[in-house]
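Q: could you look at this predicted model? Sequence included:
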Amino acid sequence: MTDVLTVRETPISLQHPDRLYIDGSWVAPAGASTLEVIDATTEESFYRIAETTPQDMDAAIAAARHAFDHSPWPFLEPRERAEYLRKLAAGLRARSEEAATFWTRQTGPTFRMAVGSISRVPNLFEYYADLAETYPWETLDTPEFAAFGAVVNEPVGVVGAIVPWNTPLSLAAYKIAPALLAGCTIVLKAPPEAPGELYILAEIAHEIGLPAGVLNVVNGHRTVSEQLVRDPRVDKIAFTGSSAVGRQIAATAGGRLARYTLELGGKSAAVLLDDYDLSAAAASISQQECSLNGQVCMSLTRVIVSKHRHDEFVDALASTFGSVKVGDPFDPETQLGPLALAKQQQSVLGYIQQGIADGARLVTGGKRPAHLDRGYFVEPTVFGNVDNRSTIAQEELFGPVISVIPAENEEHAIELANDTQYGLNNAVFTNDNDRAYQVARRLRSGTVGHNGFKTDTRMGFGGFKQSGVGREGGIQGVAPYLESKTVLLDGTPTRFQ
């Protein structure tokens, strides 16, 4: 494991923090303003990058539009585009620890977790590269009124990809990899709070000779994001972020009939059936809540347990989660690092106070750790006797806070789990595989795990209700970047003979 002091003393390695990646070149921005990126642990300035202006965003969109309409990129064979995905994978693999350093300093995950997570991102690009040979790009049919018929899948066009600060590289990869495979061109809007890993991705794209305009990487706040969503030259928006912003994007994109996929917020439930060991459940839930310090949309932040087991479980959870070591994320002993931003820390602390005011029992945590006078830290926090209709049980907190909710019985537990505007992820804890499957089928969410937080993005992920529209990952993740076309001919083309 890299030494804490060594990492903190290592200068940033971005080649062009003063520029934007547009049309295959690192170009100077139209304005002089910059964005300051803060180290979440020290609260000190990490680095600055040039801020994208509306003029810069216009140039990026124009570059992507021109590359789609006037370059060979959309018409290459999928296996030809797949070679670029493999090169991107190799470049990311070579710079994975560097990208993990950016992620840890910007957003706060433990360095161990960041290295492990980012090391899997190249696999995603390779997965989609492999799909080039097996995806049904062309399907023959027997038409009623023609000699030859085929349904062909073609790229949807220019994609505007917008990702948040919590896991920017992996979330971008789930958009970029299938979009590139499909033949789309992309404007990637990096989060202003955590752009470093995506600038590394742009550097790799440049080094491997990805054709000009195919991938453009910019940054910025709400103004340029809205510009990207509104622009009629952009055929599809791929967004990950809050449900509130997702609703605005859906309204804007729907107004011009643009395509969109939305991976939004969650308030996921862990349903504990009466046959499952409470200590094992507490250990599993505590461990998963340490992932990215609770800043995960799929996190199991509502635990629903029979009321006659409630107090015992709360004690077990408070013991495991409350003993988690909080500290510098580069320290190998640390289990929980800081939140990403000062405003996020204040938001989570505010929700904790709201939970107390609403009558929930604060069992452990609830404050900034006394031994840490710098950094956006929040203690691992457990509430008991939480009303499922209360604020902390219904709103996404995005921090290390777990609410335990008592249920009358199994039927009531399922009802409580589904009583939310969200439907991203859930879990059922039981030793009975049949009961697990039966309960899983009744939980209204895009993913349901068994005996813990589980997700397999090669099988696709996304949400019900206000947790999103569409799916990312797996073979399902290609379809949103394609349009199907029916071709009817009087004779059979040579390639199909």
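A: Done, it's in.

Q: so how far is residue 53 from residue 364?
A: Residue 364 is 47 Å from residue 53, where distance means CB to CB, to the nearest Å. C-beta: built from backbone N, CA, C; applies to glycine.

Q: now stretch 229-238: buried residues?
A: 229-231, 233-238 (16 or more other CB atoms under 10 Å).

Q: quick one: distance of it to the chain centre.
A: 20 Å (CA atoms, centre = their mean, to the nearest Å).

Q: again, but for stretch 470-479
A: 14 Å.

Q: again with stretch 296-312
A: Counting by CA atoms, centre = their mean, stretch 296-312 comes out at 23 Å from the chain centroid.

Q: buried residues, that stretch. List them.
A: Result for stretch 296-312 [16+ other CB under 10 Å]: buried residues 296-306, 309-311.

Q: just give me the closest of those to residue 41.
A: Using CB to CB, residue 296 comes nearest to residue 41 of the buried residues of stretch 296-312, at 18.8 Å.

Q: do you know how far the closest residue to that closest one other than its chain neighbours is from residue 291?
A: Nearest residue to residue 296, sequence neighbours excluded (CB to CB, 6 or more residues apart in numbering): residue 166, at 7.0 Å. Noted for residue 166: a distance of 10 Å to residue 291, by CB to CB.

Q: next one: residue 434
A: Separation of residue 434 from residue 291 (CB to CB): 29 Å.

Q: what's the average pLDDT for stretch 397-404?
A: Regarding stretch 397-404, the rounded mean pLDDT is 98.

Q: report the distance from that stretch to the chain centre.
A: 18 Å.

Q: need the strands for the stretch 351-497 of the chain, in chain order.
A: Counting by DSSP state E, counting those that start in this stretch, the stretch 351-497 of the chain has strands at residues 361-364, 381-384, 401-407, 425-429, 447-450, 468-469, 482-489.

Q: from the buried residues of stretch 229-238, which is closest to residue 493?
A: Closest approach between the buried residues of stretch 229-238 and residue 493, by CB to CB: residue 235, at 26.8 Å.

Q: residues contacting that closest one?
A: Residue 235 is in contact with 156-159, 184, 258-259, counting by CB atoms under 8 Å, 6 or more residues apart in numbering.

Q: could you identify the most distant pair in those?
A: 184 and 258 (13.2 Å).

Q: so what sits against both of these two?
A: Common contacts of residue 184 and residue 258, defined by CB under 8 Å, 6+ apart, comprise 235-236.

Q: looking at those two, which is more packed in?
A: Between residue 184 and residue 258, residue 184 has the larger neighbour count (other CB atoms under 10 Å), namely 31 against 22.

Q: surely the more buried one and residue 160 touch.
A: No. Applying CB atoms under 8 Å as the test, residue 184 and residue 160 come out as separate, 10.4 Å apart.

Q: list the residues that contact both of the two?
A: Listed as contacting both residue 184 and residue 160 by CB under 8 Å, 6+ apart are residue 236.

Q: coming back round to it: which of the buried residues of stretch 296-312 fall in strands?
A: 300-306 (DSSP state E).

Q: so for the helix or strand where residue 246 lies, mean pLDDT?
A: For residue 246, the element it lies in under DSSP states H and E is helix 243-255. Averaging pLDDT along helix 243-255 yields 97.
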